[in-house]
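Trainee: Just need the structure, nothing else, for what follows:
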Amino acid sequence: MSRKDSRAAMAEGELDTVAFLKLADKFIDLANHENRRVNATQLHLALLYASTRYSAFVGKSILEIDEHEPFVEKMTAEYQDMLRQHLADESLD
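Mentor: Here you go, the predicted model:
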């Protein structure tokens, strides 16, 4: 994707792969910072809670879903796929 295309996509609220990963890294950096004073397992649960809370907000207020269960199934499947990919990532060892 060209810079021009990337800027146009971002103007419409879309992220290219590089911008998406940079945004995710900001959350990881915040978690690493907080891990200096918060136990990793508690931090993990707080991030999971925040993610589900924000996903519920997006589903209800932005996407205006009528049927909750298909949305829950979709989000659960995406989480499982991402978790499996990261667990298989040897760089996390």
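
Trainee: other SSEs contacting the helix or strand that contains residue 29?
Mentor: Element membership for residue 29, per DSSP states H and E: helix 17-34. For helix 17-34, the packing partners by 3 or more CB pairs under 8 Å, 6 or more residues apart in numbering; DSSP states H and E come out as helix 3-11, helix 40-57. In this view, the C-beta of every residue, glycine as well, is placed from N, C-alpha and C.

Trainee: Could the C-alpha coordinates of the longest helix anywhere in the chain be exported in PDB?
Mentor: Longest among the helix segments of the chain by residue count, using DSSP state H, is helix 68-87. Extracted C-alpha coordinates of helix 68-87, given in PDB (Å, rounded to 0.1, in the frame of the first residue of the first chain):
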ATOM      1  CA  HIS A  68     -25.300 -10.900  20.600                       C
ATOM      2  CA  GLU A  69     -24.400 -14.600  20.200                       C
ATOM      3  CA  PRO A  70     -23.100 -14.500  16.600                       C
ATOM      4  CA  PHE A  71     -20.900 -11.500  17.600                       C
ATOM      5  CA  VAL A  72     -19.600 -13.400  20.700                       C
ATOM      6  CA  GLU A  73     -18.800 -16.400  18.500                       C
ATOM      7  CA  LYS A  74     -17.000 -14.300  16.000                       C
ATOM      8  CA  MET A  75     -14.900 -12.400  18.600                       C
ATOM      9  CA  THR A  76     -14.200 -15.700  20.400                       C
ATOM     10  CA  ALA A  77     -13.000 -17.400  17.200                       C
ATOM     11  CA  GLU A  78     -10.700 -14.400  16.400                       C
ATOM     12  CA  TYR A  79      -9.300 -14.400  19.900                       C
ATOM     13  CA  GLN A  80      -8.600 -18.100  19.700                       C
ATOM     14  CA  ASP A  81      -6.900 -17.800  16.300                       C
ATOM     15  CA  MET A  82      -4.700 -14.900  17.600                       C
ATOM     16  CA  LEU A  83      -3.800 -16.700  20.800                       C
ATOM     17  CA  ARG A  84      -2.800 -19.900  18.900                       C
ATOM     18  CA  GLN A  85      -0.600 -17.800  16.600                       C
ATOM     19  CA  HIS A  86       1.100 -16.100  19.400                       C
ATOM     20  CA  LEU A  87       1.600 -19.300  21.500                       C
END
